[in-house]
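Visitor: Got a sequence here, can you build the structure:
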Amino acid sequence: MDALLELFRLEQPPWQMVLRGSAIYWFLLIVFRFLLRRDIGSLGVADLLFVVLIADASSNAMQGDYKTIGDGLVLILTLVTWNYLLDWASYRSPRVWRLLAPRPEPLVRHGQIMHRTLRRELITVEELMAKLREKGIGDLSRVRVARLEGDGQLSVLTYEP
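Guide: Below you'll find the model as predicted:
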């Protein structure tokens, strides 16, 4: 029984783990949101960040990089809390949502490719055309507007046949 209790004992002050976890979460959120490009069809930035950090924290706790499971659980709880709070704040406040989610960018307007936007988003014409073909569109003249949404998905509005 003592061995089991020893596994869950906290060796580091919880405030220190909360502070470290929070600092890393916010740093990576800023890096992913503002410095890295989004890919067509990728996970949302916050989702990717959450998965990576939870995997890392869980891995460290399981591998023994933390001295106890309790230390790992405090860090995981910190990350889960930040993820929930950001989701909640995004739901409640359009201002927070706009800050965290990139705005939609037009890739095609009235059948014309917006090359400047493609360059800024680091998307090739071939990638764009492949995504349009996946949506059953082979002719650009049918596209009224195609946008790269904040979550990385491509949305397309076509002219009526």
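
Visitor: quick one: buried residues of the top helix by length along the chain?
Guide: Determined from DSSP state H, the single longest helix within the chain is helix 69-92. Buried residues in helix 69-92, counted by 16 or more other CB atoms under 10 Å: 69-76, 78-79, 82-83, 86, 90. Quick note: C-beta positions are derived from backbone N, CA and C, even for glycine.

Visitor: Ok, stretch 130-139 next?
Guide: 131-132, 137.

Visitor: Straight-line length of it, end to end?
Guide: Here the two ends of stretch 130-139 are set 12 Å apart, with distance taken as CA to CA, to the nearest Å.

Visitor: Please state the offset of it from the chain centre?
Guide: Put simply, stretch 130-139 sits 25 Å off its chain's centre (CA atoms, centre = their mean, to the nearest Å).

Visitor: for stretch 83-94, same thing?
Guide: In terms of CA atoms, centre = their mean, the centre of stretch 83-94 is found 14 Å from the chain centre.

Visitor: What average pLDDT does that stretch get?
Guide: Averaged across stretch 83-94, the pLDDT comes to 92.

Visitor: ok, residues contacting it?
Guide: 29, 46, 50, 96-97, 100-101 (CB atoms under 8 Å, 6 or more residues apart in numbering).

Visitor: Kind regards, and thank you for your time.
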